[in-house]
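Chemist: Provided below for reference: sequence and predicted model.
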Amino acid sequence: MSNPSTVSAVHPAEPGILKRFIAKPEFGPLVLLVAMVVVFTAINPTFMSLNNIGNALTFTVELGLIALAMTLLMTAGEFDLSVGSVFGFAPVVMWAFFNAGLMPLPAAFLVAMLIALGIGLFSGLFVTRLGIPSFLVTLGMLLVVRGAALWLTSGFPQRTWDAGDQWLAKLLVGDFYVGGLRIYMSLIWFIVLAVIFHYVLTRTRFGNWTQATGGNPGAARNRGVPIQRVKVILFMLSSAMAALAGIISSIRVSAANPNSGTGYELEVIAMVVIGGTVLTGGRGTIIGTVLGVLILRLMRNGIVLIGVPGLAYNIFIGAIILGMMALHAALERRHNAGT
Amino acid sequence: MSDESLVEMRHIEKSYGRVHALRDVNLTIRRGEIVGLLGDNGAGKSTLIKVLSGAVPYTSGEIRIKGKPVRMTSTNDAIAAGIETIYQDSALVPQLSIARNLFLGRELTSGHLGRLDLDRMNEVAADLLKRVGISKNIPPTTPIGSLSGGERQAVAIARAMYFDSDLIILDEPTNNLGVAETQGVLRFVREARDTGHSCIFIAHNIHHVFQVVDRMVVMRRGTVVADDLSPKTSSIQDVEDVITGDHILV
């Protein structure tokens, strides 16, 4: 591996670089993304304007942060439907504590994150200790957490406009300009976290355990991999990322609405599977997820710019999911046919 | 084969509620021998193996390894005691590479954050593949999912040999394999014995068992009914009779 030229000399039968690239799960989503950019720009050149790109990237990251954690969780063979609720609940908790004067904003932020970790811990223990499918456990949590957010606030949004001069708010969502491009700090966080998550999944022992846990839990357990602990950690991680994303969103839009994030869980799962991560576990890709995130967000942005009614958005998303699944399945079959 | 005993199981009992899965099982495995474990479905073979690999706790009895009593409460205990079990379906992770499977749970890392030393893992794996003589030139980065059944067994056996397990338990290693592949796997098992590892070989196909084992142990209704049948002196028909209970040889 350290010397690719020897490797190819010893194994002349290995497929060429192009063929291997095409066989990668990220290939399909990459082609789709490029095609989308080309088509949208051809129809409406403002699609590629700095202003539009800046906007699209801003919206991208909030769901993207959740998608990164969901990728690891799904690679380990589980998923979390409660992320949308946590997205709404965490900022409500943070702003309620802060607005009531109970604690400074950073402390309220910490409390909200700890509660989110607790939600993930609960789901994780429920799934691993009681052996209940994550679909049912996190569906229950979805309702509990959403209900808690609505009950705490009586359904009213929490005000967040005191956030402007807080260093925490600047750190999370402050903006700056690069040339004419307005960039929010949240984008930087997304990029940094995507790199870290990719590294963890592909280059660390924990990543190896995550893939093994989803790929063949029995084998992983027999090798002494603590598969239950891996899953619990990943449930906590996805819950924490949902909370972080919700808090970032609440600062950006200056409102913590107890209803926000409704339906995000399915959009996040869609992003992850479009990127090539397998719903049943064992194989996951952060690069694919980043592509999946961009595809869904640019699609939302692009179809409006080219004059398709915004309400038709879901038709396109559904079609993309179906198309991508067909493509991944076809690639999988071809991949296995050679053995 | 030496007379030195590696694993001694004494009066092992295991009940699942009111079901008595193992009754007073006594079994000794010596160093460097291949023991065939035979028995009909429900005879208690797999329960015995699970007990020995730490996957299920036994109700009473004693296990000694190299003379020392051990208490096995988890698969990690068994691995630490030098017992490696290769199950049919749960030995390897199909999505991971050969090298990552070899080191699963015992990854080579560098630094503190659990960074995998992939270069070294691949290097060791390539070397190991060459040593066990997997015929084709397979790079260690190949996912297990694209290997044949025999190659997968070879990887699992190579792993047990690499980590110097004293006892390698093979659960139906020749299931669903073609003739040539079966011969390959039997060769690996012999090689493991010849390099000083003991093996317990479980297979439904008695012909495969006869080709490779030094002695045979037969279980029926949760207990050992014969533990020193030799493939040299017993016929397949004799052994089948013991398994079904038509004859008692001992």
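Modeler: Cool, got the structure.

Chemist: just give the closest residue to B:I98, not the sequence neighbours.
Modeler: Spatial nearest neighbour of B:I98, chain neighbours left out: B:P140 (4.8 Å); criterion: Cβ to Cβ, 6 or more residues apart in numbering or on different chains. In short, each C-beta sits where N, CA and C put it, glycine included.

Chemist: please, which helix or strand holds that neighbour?
Modeler: Here B:P140 sits in a region with no helix or strand, counting by DSSP states H and E.

Chemist: what's the domain layout of chain B?
Modeler: B:5-92+B:150-244, B:96-142 (automatic domain parsing).

Chemist: enumerate every residue touching the residue nearest the centre of chain A.
Modeler: Residue closest to the mean C-alpha point of chain A, counted by Cα atoms, centre = their mean, is A:A67 at 0.8 Å. Counting by Cβ atoms under 8 Å, 6 or more residues apart in numbering or on different chains, A:A67 makes contact with A:V268, A:M271, A:V272, A:T289, A:G292, A:V293.

Chemist: pLDDT weak spots in the chain?
Modeler: By default, I'm working from chain A. Along chain A, the model assigns pLDDT under 70 to residues A:1-15, A:161-164, A:334-339.

Chemist: chain B is the one I meant
Modeler: B:1-3, B:133-136, B:247-250.

Chemist: just the helices in it please.
Modeler: In chain B, the helices defined using DSSP state H lie at B:45-52, B:75-80, B:98-102, B:118-132, B:149-162, B:179-194, B:206-212, B:236-244.

Chemist: and chain B, which residues reach chain A?
Modeler: B:53, B:55, B:75-76, B:79, B:85, B:87, B:89-96, B:100, B:104-107, B:109, B:113-116, B:118-119, B:122-123, B:137, B:139, B:141, B:145-148 (Cβ under 8 Å from any Cβ of the partner chain).

Chemist: what residues does stretch A:289-303 touch?
Modeler: A:26, A:29-30, A:32-33, A:36-37, A:39-40, A:47, A:52, A:55-56, A:59-60, A:63-64, A:67-68, A:70-71, A:194, A:267, A:270-277, A:310, A:312-313, A:316-317, A:320.

Chemist: closest to the centroid, which residue in chain B?
Modeler: B:I169 (1.2 Å).

Chemist: what's near enough to touch that one?
Modeler: B:I49, B:L52, B:S53, B:I83, B:E84, B:T85, B:I86, B:C199, B:I200, B:I202.

Chemist: over to A:L65?
Modeler: So A:L65 contacts A:S186, A:W189, A:F190, A:L193, A:M241, A:A242, A:L244, A:A245, A:I248 (Cβ under 8 Å, 6+ apart).

Chemist: for chain B, state which of the residues you listed is nearest.
Modeler: A:L193 (15.7 Å; Cβ to the nearest Cβ).

Chemist: got phi/psi on the residue nearest to B:I98?
Modeler: phi -70, psi -10 (degrees, to the nearest 10).

Chemist: distance check, it against A:N44.
Modeler: B:P140 sits 49 Å away from A:N44, taking Cβ to Cβ, to the nearest Å as the criterion.

Chemist: who's more crowded, those two?
Modeler: The residue with more neighbours, out of B:P140 and A:N44, is B:P140; 22 against 16, by other Cβ atoms under 10 Å in any protein chain shown.

Chemist: wait, that one sits on B:D119?
Modeler: No: if you go by Cβ atoms under 8 Å, B:P140 and B:D119 don't touch, sitting 10.7 Å apart.

Chemist: rewinding a little: how far away is the residue nearest to the centre of chain B from B:E13?
Modeler: In this view, B:I169 and B:E13 are 20 Å apart by Cβ to Cβ.

Chemist: excluding its backbone neighbours, what's nearest residue 43?
Modeler: In the absence of a named chain, this looks at chain A. A:I306 (4.3 Å).

Chemist: switch to chain B, please.
Modeler: Using Cβ to Cβ, 6+ apart, the nearest residue to B:A43 is B:M219, at 4.3 Å.

Chemist: now rank the contacts of A:A67 by neighbours and give me the top one.
Modeler: Going by other Cβ under 10 Å, A:V268 tops those with 35 neighbours.

Chemist: quick check: that one vs A:A245, distance?
Modeler: 9 Å.

Chemist: what's the overlap in contacts for these two?
Modeler: Common neighbours of A:V268 and A:A245 (Cβ under 8 Å, 6+ apart) are A:L63, A:I66.

Chemist: the stretch 201-339 of chain A: strands as residue ranges?
Modeler: Along the stretch 201-339 of chain A, the stretches classed as strands by DSSP state E, counting those that start in this stretch are A:255-256.

Chemist: in PyMOL, how would I select the buried members of the contacts of stretch A:289-303?
Modeler: Here is the PyMOL command that picks out the buried ones among the contacts of stretch A:289-303, judged by 16 or more other Cβ atoms under 10 Å in any protein chain shown:
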select buried, chain A and resi 26+29+30+32+33+36+37+40+47+52+56+59+60+63+64+67+68+70+71+194+267+270+271+272+273+274+275+276+277+313+316+317+320
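
Chemist: which ones among the contacts of stretch A:289-303 lie within helices?
Modeler: Reading helices off the contacts of stretch A:289-303 with DSSP H, I get A:29-30, A:32-33, A:36-37, A:39-40, A:52, A:55-56, A:59-60, A:63-64, A:67-68, A:70-71, A:194, A:267, A:270-274, A:313, A:316-317, A:320.

Chemist: wait, a helix at A:I188?
Modeler: Yes: assignment of A:I188 by DSSP: H, G, I helix; E, B strand; the rest coil places it within a helix.

Chemist: that one: how many residues sit nearby?
Modeler: The burial count for A:I188: 14, using other Cβ under 10 Å.

Chemist: one more: A:A329?
Modeler: 10.

Chemist: need the nearest residue in space to A:L57, chain neighbours excluded.
Modeler: A:L187 (5.4 Å).

Chemist: show me the residues around B:P69 that make contact.
Modeler: B:P69 neighbours (Cβ under 8 Å, 6+ apart): B:E62, B:I63.

Chemist: state the distance from it to chain A.
Modeler: 22 Å (Cβ to the nearest Cβ, to the nearest Å).

Chemist: kindly report the same for B:G42.
Modeler: B:G42 is 21 Å from chain A, by Cβ to the nearest Cβ.

Chemist: next, count neighbours for that residue.
Modeler: B:G42 has 13 nearby residues by other Cβ under 10 Å.

Chemist: quick check on it: phi, psi?
Modeler: Per degrees, to the nearest 10, the backbone of B:G42 is at phi 80, psi 10.

Chemist: now B:L147
Modeler: The phi and psi values for B:L147, taken as degrees, to the nearest 10, are phi -100, psi 160.

Chemist: you'd agree it is up against B:P140?
Modeler: No: the pair B:L147 / B:P140 is not scored as a contact, 11.5 Å apart, by Cβ under 8 Å.

Chemist: what's the overlap in contacts for the two?
Modeler: With Cβ under 8 Å, 6+ apart, B:L147 and B:P140 have common neighbours B:I98.

Chemist: what's stretch B:40-49 in contact with?
Modeler: Residues contacting stretch B:40-49 (Cβ under 8 Å, 6+ apart): B:9, B:12, B:14, B:21-22, B:25, B:27, B:37-39, B:56, B:85, B:169, B:171, B:200, B:202, B:219-223, B:243-244.

Chemist: of those, which belong to strands?
Modeler: B:9, B:12, B:14, B:21-22, B:25, B:27, B:37-38, B:85, B:169, B:171, B:200, B:202, B:219-220, B:223 (DSSP state E).

Chemist: please, where are all the helices along the stretch 151-300 of chain A?
Modeler: A:167-173, A:185-203, A:205-215, A:217-222, A:227-252, A:264-274, A:286-305 (DSSP state H, counting those that start in this stretch).

Chemist: chain center to stretch B:235-247: distance?
Modeler: Centre-to-centre, stretch B:235-247 and its host chain are 23 Å apart (Cα atoms, centre = their mean, to the nearest Å).

Chemist: contacts for stretch A:191-198 next, please.
Modeler: So stretch A:191-198 is contacted by A:G64, A:L65, A:L68, A:A69, A:T71, A:L72, A:M241, A:I286, A:I287, A:V290 (Cβ under 8 Å, 6+ apart).
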